[in-house]
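Peer 1: got a predicted structure plus its sequence, pasted below:
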Amino acid sequence: MSTPVMDTAAPAAAPSTAPLVVVEDVARTFDVSAPWLNRVLERKPRQLLHAVDGVSFEIARGQTLALVGESGCGKSTVARLLVGLYAPTRGRFWFDGQDAHAAYRSAQGRQLRRRIQMIFQDPYASLNPRWRVEDIVAEPLREHGLLRDPAALRERVGQLLRSVGLSPHDMVKYPHQFSGGQRQRISIARALATQPAFLVCDEPTSALDVSVQAQVLNIMKDLQRQQGLTYLFISHNLAVVRHVSDHVGVMYLGRLVELADKRTLFAQPRHPYTRMLLEAIPKLHATGQARTPVQGEVPNPLNPPSGCAFHPRCPHANARCQAERPALQTIGGVRVACHAVEEGRLR
Amino acid sequence: MDKLLEVKDLVVEFPTRRGVLRALDGVSFDIAPGEILGVVGESGAGKSLTGAAIIGLLEPPGRIAGGEIRLQGQRIDNLPPAQMRRFRGRRIGAIFQDPLTSLNPLYTIGRQLTETIRTHLDVSADEARQRAIELLRDTGIPAAEERIDHYPHQFSGGMRQRVVIALALAAEPQLVVADEPTTALDVSIQAQIITLLKRICRQRGAAVMLVTHDMGVIAETCDRVAVMYAGRVAEIGPVHEVIHRPAHPYTAGLMRCIPDMEVERERLHQIDGAMPRLGEIPRGCAFHPRCEQAMLRCHDQRPDLMPAGATRAACWLHEAAAAPDATTAAEITR
Amino acid sequence: MVAFVVRRLLQAALVMLAVAFVAFMLFQYVGDPVLQILGQDATPEEVARVRAELGLDRPFVVQFAHFVVQALQGEFGVSLRQGVPVAQLIAERLPATLELALVAALLALALGIPMGVYAALRRGTWLAQLFMTFSLLGVSLPTFLIGIVLILVFAVQLGWLPSFGRGEVVQIGWFTSGLLAPGGWRHLVLPAVTLAIFQLTLIMRLVRAEMLEVLRTDYIKFARARGLSDRAVHFGHALKNTLVPVMTITGLQLGGLIAFAIITETVFQWPGMGLLFIQAVTFADIPVMAAYLCLIALIFVVINLIVDLLYFAVDPRLRLDKAGGH
Amino acid sequence: MKSWWMRWWDSDIGYSFRSSPTAIVAALIALLCALAALLAPWVAPHNPFDLASLELSNARLPPAWYPEGQWAFPLGTDDQGRDILSALIFGARISLLVGLVSVALSVLIGVALGLLAGFVGGWLDAALMRLCDVMLSFPAILIALLIAGVGKALFPNAHETLALGVLIVSITLTGWVQYARTVRGSTLVERQKEYVQAARVIGVAPWRIMTRHVLPNVLGPVLVLATIHVATAIITEATLSFLGVGAPPTTPSLGTLVRIGNDYLFSGEWWITIFPGVMLVIIALSVNLLGDWLRDALNPRLR
Amino acid sequence: KTFKWASAGEIPSWDIHSQNNALSNGIHAAVYESLVYYNSKTFKVEPLLAQSWREISPTQIRFTLRKGVKFHDGAPLTADDVVFSLQRAMAKTSNFAIYTQGIDKVVKVDDLTVDVLLKGPNPVLLNQLTELRIMNKAWAEKNKSLEPKDMKASDENFAHRNANGTGPFRLKQWVPDQRMVLERNPNYWGSPNTNVTEIVYTPIKSDATRMAALLSGEVDFVLDPTPQDLPRLRNNPNLKVIDGVENRTIFLGMDQFRDELPGSNVKGKNPLKDLRVRKALYQAIDIDTIHRVTMRGLSQPTGALVAPQVAGWSESVHKRYPFDIEAARKLLADAGYKDGFEVDFACPNNRYINDEQICQAVTAMWAKIGVKAKLRTLPLTTYFPMIQRYEASIYMLGWGVPTFDALYSLQSLVHTPGPGGDGNYNVGRYSNPKIDAVIDRAKTETDPYIRPRLLTEALQLHNDEVVHIPLHNQIIPWAMKKNIELVHRADNRLDWRVVQVN
Ligand code: HEM
Ligand SMILES: Nc1ncnc2c1ncn2[C@@H]1O[C@H](COP(=O)(O)OP(=O)(O)OP(=O)(O)O)[C@@H](O)[C@H]1O
Ligand SMILES: Nc1ncnc2c1ncn2[C@@H]1O[C@H](COP(=O)(O)OP(=O)(O)OP(=O)(O)O)[C@@H](O)[C@H]1O
Ligand SMILES: [Mg+2]
Ligand SMILES: [Mg+2]
């Protein structure tokens, strides 16, 4: 793990100060309507699910932004939007000053795909069980025509495996011969193959044990240090987020409700929902202490509450929260979307 | 103190073509009435198998090959199936990981509840229904009278897990085996369910064996905790002690792996290597290849649980107390 | 649910139309009915006249449209062989086939499901092994061979049962039944068994496989953990969940029974629709063939519809009132 | 480096094969039949298709162990003086040919369409699945009967080869549906898996994802289905031949042999029908047994 | 006593003039009677409803009807009924026109006398009349069944499912493809030699099942037992088999018209046009083995185109060219086909006894002289139209002679195709003016001495030219229980007046 595999300063342009990733009011809706006939007969309207509803953030080069939130709040959808698995219904995604979605659709898409890669949640499902590790890791190289010579390919795959702490001898094995943590490292090696600048990680460790999780998180951090990678890190585990991130965005039902510097957020959460999430984490050192957990159920995204989506579960909600949806605004150096905070009712 | 459950030298084996696999190899622990025992450990350490062995639901070809399990002094590991069946539900309840798949989708939850109640208690259908409604209410399901006639798919995940808890407690068992009851649930719901489980068992005086990956949950819920590694108990003791003064190197490593909310570290501590697979468990202490303090004897002598401060740990390091002249391999190699 | 039924009905109509089209098109090639009618020494003029009379000289599309319109009114024309309206012929034959198929289906279900359940629950016992062996034989033996062997053994060698035909029948409205007539059931035994064996083995294997699947699920494990009796677990919980997929296949098989009846009816001279069809094929009796095919398709479609509706009865997840959950 | 054979032998499937006597026996029998069929011209004592070698006066000789039997015709002769054993071997060859070719074609068509339907989705999926519904509304035998009948009527001058072609086409046409549906189902599942998305993120072209990633992962159930389908196809072929629309009597398949022999069931010349019948059942049984075993061996949950 | 019997087919209709089908003709005869009928033993025409007849002129025959004959509904038989029935048989929708050929009209003379007026002298009128059965006019009028049932029309006529004749049995129940019950007519005019009170007929299509029904005792009689089962039936102590020669000759025909045969490897010429080739094919057939093995003795090998009962037959035309492979090979070589040739060969597979097996055997025999016949077998529904489109190079045909006169065969099979039924089944399109001339002469020759000679001469010419390759006359077996007594008839039908169940 000692030698850096490559130098990342591939773009000749001097590292600009502009953020690498700029997401502007991105939204994505899914049509989950019943079939046409049902709608006609049962007089049901078309149903649109706003999985992501106007999310904006930036990530500077070499930094990590973490997104947290409950299941179904749209974290994965954001991730998929960024890597081009989904097209946004609204908004823009600028990557290194380039409109990424325009590029995905054009011929430069391939070029862009080399620079944006993704690591998935499930190390068991994200590797094709019928391919050898060698082929899995080499696939991006082959696909982008970066290396054609078989010997060179093997050499490179070996390097990549070594860079994630595996042995090149593992090349000839199949995924099922590895443990969960090792597989996740194979995924990382595959993602690194094209020397990307930006890695989207969708809950890369939530399927892993804590001891394995530590190994994977360490490797990710090492790689960031060595190669100046930029991460979007998605998780629902706040402790992990606190460990890896520089900035944290909290999502609730498709929207960002708070976006802040890591330290600030953990030290001084503003949004009631953020507070609630922090409260929900069982404290390792507070054995036997009873907590008052979050109340209420996760709302149905098909039928989101009016106004502030969080108001049914919020102890500070008032009439305004029920009626008016708060916008994300900068309050005290932190971006937060809450009437109570804005009004100063909540400090 | 009376022991509610005693597990002694439990061995579970799977006969396979590559020979017999020992998935549990001499697991011993006990649970007092009303106590909550947490069980943690890496995936595949044998947590679920221990639970399954206790409720007598090992999946064939898995079988108990040795040791004994006693409930209130009575041996239950070798009971005939019909008798064991009467224990299940009535004296030992169980909760599984996934609340969606634990409920039969074709029956209303009311039917599943009354069926359980009437299997174990001699009550009329009406009484059973009444009890079911109360149970649902106790577990915090709003409008229980109405919801009782709904089908599982009409409930959200958190609610389903409440129903599962209600089902497990329907016949007032003395012991509940909860195998990762919150892993499939949302972060915010997890805390609700754990709190509920804890409250309701305390209320009914039921002891709980709580299997989980989440140290945080253990820390705030349990009285004692058992740490499992490769089919054995590595350490067992009061929660506070195990977390703050781990006696086994594995436990210590595990504790340091957990990203901590309080302390910030640039790099997490990591235990290199991976837990050995079944069938490749090394001789001696199963942890020795990963252990920084491994001694020569760790390579071929398997430690049993032995007192280690306030806890008991299966590690030769603590034999020092018994045999003070032992030198560690680490010392020799250094 | 209404929408569901409507959609199924529309699909059914589509299927029927396709079937009718295929059937009709195929018949264009099966043989010339005119020669059948006129016999061997017809003059060309006569042939032309009869072709015109039968409408065979019109364009294909017109013939098909005409056919569909007529078929919708249950009017399939006149059998070229028997000179009787096809609808009437079919109505006469339908009860025999229905009775045979139903008895065979009942037999297959009544034996197949318990055998499948047994084979799943007592995996490894000698009886379960026997069932499985039997089931393999069942799917490996061609139906015609089974029929012939049964006749050879039970009718010819032992003389216990009649070898052919339907015996006396009792008229109940439009339906005729041999079961109610004295000794009528004896005629039914061999054909019904022949027809049932293949289905029986299929159902049995299916039930066993599904049951094994279901027995592995968490809710069965949980039901056991609740201390429910084996009976309640196996028959209350497991079997009902098994039946959902079994129903689909059984539905399809039931339709298949009617088709397989062709072979059985040929072997046993059972006066049903299959026999009618085979004879229609040898005589190029196009109206009968067309009507038969459409009827078979209709029966299939209806059975599938019923199966789909049964789903609603069995599986609450399909009753689309999604209260609460998402 | 071990050969693939050794690796197979060592794998779980190889092991489950080694430890299942039924599977071994079934495989041996199937292999024997297949070999005999493949090498028919060298294995069979006579060539039953060579008409010039037939002697009518040898007709209906009983098996050799009967006093009237001759060792030249170990299993006796049929009504044309054909050696039953040779006819069986050559008949099995035709039955297996029809079975294998039609199953191969069904698999090809079904897998291609199912993959396409599952992967592309949308109206193509809807249309293909409706097509499957229509096909399912016709019982297989009926379709085969119709097509075979129409085929014969369409090409009345067709000789053996075409008759076999018609058989193959009709069995194929009824057979592909189950593959299409199975493959579509697994494709829908597989398409959602993360390794497919990973490939998309890498920028792999859809059809390459389809063929290189999804296809190998949906073939497991197809293999099992196909094995059992071979047995069904052989029986369907026999049934069609029994109903008289199958293989011609001059180059008889097992089904044709049974049909011809069927006339001799009561006449005491039982060998003409019983041997082909037994042969048919043995082949179908061994293939079915193999399929059963394969199903269990490939099912990870039963391991 | 009840007489239960079975055969493969079902009758299409009870309307006696609707379909000319041998099986239904036989069954109808139990219920409806004709003016005259063949004696079952001698096959001489005997009086039935007509008590006597005499020739008033060559074109006018007078029939006197039997007195006291009553229909099943009680109506007496009158000349009106006869006139009505014969005219009904001549109607457009009737399928019995072939039996009314040559009849000009039918006139009532008095209540019990009828005159049949002919278009010209007709030597076979009486034979024709055996198949023209008599129906009650009033009954037909009452039930709107004046015209024969038109099989194409949907209006079902009453006579299709009901019957009202004068015969010894009357129709009690008919469920097509299932069951037909005839019961004894207590008011029958004659005193038939039968103790059968009820006849139950079941069609059983499957051969094996039909045999099983007989073996298991469910039926008393099977009209068409399968030949291969006969040894077993004969050995069964409870059963017996009787057989007799049918008036039908099986032969092979050859395309002698085309200049090049489709499907043959001989290009530019038609080998079948060469007499030597035809003769080679003939002599390569080992008919005795076919007789012994394939037919199990149930055939009468013949070199003639007609059976011995038929006028024109003689010992000399009956004699076959000898089976001689060497001679055949030599003939082929002489004709320039030393290595044989390929040729198309078509056969029915459900028309004649063992038709398919015979063709297979012949194919094998020809293979021995190098002729590679590409055999295909078809069911009769597709076979007959196919050969009539002249699509077969070599084909099999069996020709029965209902008139017992060789002209019937010669005209259809040998005469150059032309109007008036000439060569209508000359599927090989053989044409020889010399034979045509002889046949044409026979058509009008009524001299009982000259006429057979003409026919024999034509048959001999046919043999010399090997126009067809005759194989054999069919022998038809009937199988029944031991306790059944009846008379085997060459037309393969039962005579209901002589059936005894003991
Ligand atoms: C003279 C030469 C004959 C020729 C070319 C001939 C041709 C045919 C043809 C083409 C058929 C099939 C078409 C149909 O079913 O309508 C047929 C059927 C039939 N023929 Fe002939 N026939 C001849 C003589 C006879 C004779 C002499 C008899 C009876 C003595 C006879 C009895 C039958 C019967 C019973 C059928 C119906 C077969 C069945 O229903 O299975 N034929 N014939
Ligand atoms: N392809 C899709 N079609 C329809 N709805 C979708 C689709 N993908 C996601 N959704 C819906 O969008 C919402 C957001 O989903 P998303 O997967 O982004 O959530 P998430 O935050 O990643 O949740 P989790 O923590 O469970 O992974 C959910 O309600 C989900 O049901
Ligand atoms: N049916 C079986 N056949 C063979 N081995 C089995 C079987 N079931 C479990 N095992 C093995 O037994 C060991 C213990 O499994 P167990 O399910 O108890 O682990 P766990 O600690 O509950 O893990 P997790 O946290 O993943 O639930 C594992 O190594 C597993 O592979
Ligand atoms: Mg997600
Ligand atoms: Mg577990």
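Peer 2: Great, that's in hand. Ligands and ions are numbered 1, 2, ... in the order given.
Peer 1: distance from the chain centre to stretch E:211-219, please.
Peer 2: Here stretch E:211-219 is found 27 Å from its chain centre; the criterion is CA atoms, centre = their mean, to the nearest Å.
Peer 1: quick one: end-to-end length of it, please.
Peer 2: With CA to CA, to the nearest Å applied, stretch E:211-219 spans 9 Å between its terminal residues.
Peer 1: tell me which residues are up against that stretch.
Peer 2: C:151-152, C:155-156, C:159, C:162-164, D:266, E:4-6, E:202, E:204, E:221-222, E:225-226, E:229, E:233, E:236, E:238-239, E:479-481 (CB atoms under 8 Å, 6 or more residues apart in numbering or on different chains). (Each C-beta comes from the backbone N, C-alpha and C, glycine too.)
Peer 1: same question, stretch B:306-317
Peer 2: B:232-238, B:241-242, B:245-249, B:251, B:285, B:293, B:295, B:297-298, B:301, B:303-305, B:318-319, B:321-322, B:326, B:328.
Peer 1: just the buried ones from the contacts of stretch E:211-219?
Peer 2: C:151-152, C:155-156, C:162-164, D:266, E:4-6, E:202, E:204, E:221-222, E:225-226, E:229, E:233, E:236, E:239, E:479-481 (16 or more other CB atoms under 10 Å in any protein chain shown).
Peer 1: filter those down to just the ones in helices.
Peer 2: In helices, defined here by DSSP state H, the members of the buried ones among the contacts of stretch E:211-219 are E:Leu233.
Peer 1: quick one: buried residues of the particular helix or strand that has D:Ala36 in it?
Peer 2: For D:Ala36, the host element (DSSP states H and E) is helix D:21-38. Under the neighbour-count criterion of 16+ other CB under 10 Å, helix D:21-38 has D:Ala23, D:Ala26, D:Ala27, D:Ile29, D:Ala30, D:Cys33, D:Ala34, D:Ala36, D:Ala37 buried.
Peer 1: adding pLDDT and distance to chain B, write these out as JSON lines.
Peer 2: Converted to JSON lines, those look like this (pLDDT from 0 to 100; distance: CB to the nearest CB, whole Å):
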{"residue": "D:Ala23", "pLDDT": "82", "distance to chain B": "14"}
{"residue": "D:Ala26", "pLDDT": "85", "distance to chain B": "20"}
{"residue": "D:Ala27", "pLDDT": "87", "distance to chain B": "19"}
{"residue": "D:Ile29", "pLDDT": "87", "distance to chain B": "25"}
{"residue": "D:Ala30", "pLDDT": "86", "distance to chain B": "24"}
{"residue": "D:Cys33", "pLDDT": "85", "distance to chain B": "29"}
{"residue": "D:Ala34", "pLDDT": "85", "distance to chain B": "28"}
{"residue": "D:Ala36", "pLDDT": "85", "distance to chain B": "33"}
{"residue": "D:Ala37", "pLDDT": "83", "distance to chain B": "34"}
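Peer 1: find the nearest non-adjacent residue to residue 77, please.
Peer 2: Unless you meant another one, I'm taking chain A. A:Ala51 (4.3 Å; CB to CB, 6 or more residues apart in numbering or on different chains).
Peer 1: wrong chain, I was asking about chain B
Peer 2: Closest to B:Asp77 by CB to CB, 6+ apart is B:Ile69, at 4.2 Å.
Peer 1: phi, psi of the one you found?
Peer 2: phi -120, psi 130 (degrees, to the nearest 10).
Peer 1: thought it was touching B:Leu4?
Peer 2: No. Using CB atoms under 8 Å, B:Ile69 makes no contact with B:Leu4, being 11.6 Å away.
Peer 1: so how many other residues sit close to the residue nearest to B:Asp77?
Peer 2: 22 (other CB atoms under 10 Å in any protein chain shown).
Peer 1: any idea how far it lies from B:Ala32?
Peer 2: Remark: distance between B:Ile69 and B:Ala32 (CB to CB, to the nearest Å) = 16 Å.
Peer 1: residue for residue, what is the longest helix chain B has?
Peer 2: helix B:187-204.
Peer 1: now it: mean pLDDT?
Peer 2: Regarding helix B:187-204, the rounded mean pLDDT is 83.
Peer 1: again, but for stretch E:37-48
Peer 2: Stretch E:37-48 comes out with an average pLDDT of 83.
Peer 1: got the CA positions of the helix or strand of chain A with the lowest mean pLDDT in PDB?
Peer 2: Ranking every helix and strand in chain A by mean pLDDT, DSSP states H and E puts helix A:36-42 at the bottom, with a mean of 71. Provided in PDB are the C-alpha atoms of helix A:36-42 (Å, rounded to 0.1, in the frame of the first residue of the first chain):
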ATOM      1  CA  TRP A  36     -53.800   3.400 -17.100                       C
ATOM      2  CA  LEU A  37     -56.900   1.300 -16.900                       C
ATOM      3  CA  ASN A  38     -56.900   1.300 -13.100                       C
ATOM      4  CA  ARG A  39     -56.600   5.000 -13.100                       C
ATOM      5  CA  VAL A  40     -59.500   5.400 -15.400                       C
ATOM      6  CA  LEU A  41     -61.700   2.900 -13.600                       C
ATOM      7  CA  GLU A  42     -60.900   3.900 -10.100                       C
END
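Peer 1: what's the pLDDT at A:Ala9?
Peer 2: At A:Ala9, the model reports a pLDDT of 41.
Peer 1: same check on the one 5 residues further on?
Peer 2: At A:Ala14 the predicted local confidence, pLDDT, stands at 46.
Peer 1: again, but for B:Ala330
Peer 2: 42.
Peer 1: list the contacts for E:Asp324?
Peer 2: E:Gln283.
Peer 1: and it, how far is that from C:Ser163?
Peer 2: 47 Å.
Peer 1: what about the residue in the stretch 51-200 of chain B that chain A sits nearest to, how many neighbours?
Peer 2: Using CB to the nearest CB, B:Ala191 is the residue of the stretch 51-200 of chain B that sits closest to chain A, at 3.4 Å. B:Ala191 has 24 neighbours, counted by other CB under 10 Å.
Peer 1: before we move on, what about E:Ala97?
Peer 2: Using other CB under 10 Å: E:Ala97 sits among 16 other residues.
Peer 1: the nearest residue to it once chain neighbours are set aside and D:Ile89, how far apart?
Peer 2: With sequence-adjacent residues excluded and distances taken as CB to CB, 6+ apart, E:Ala97 is closest to E:Met90, at 6.6 Å. Note on E:Met90: its distance to D:Ile89, by CB to CB, is 60 Å.
Peer 1: what do you get for E:Tyr337?
Peer 2: Separation of E:Tyr337 from D:Ile89 (CB to CB): 33 Å.
Peer 1: now do the contacts for D:Tyr264.
Peer 2: Counting by CB under 8 Å, 6+ apart, D:Tyr264 has contacts D:Arg60, D:Asp79, D:Trp270, D:Ile272, D:Thr273, E:Gln228, E:Asp229.
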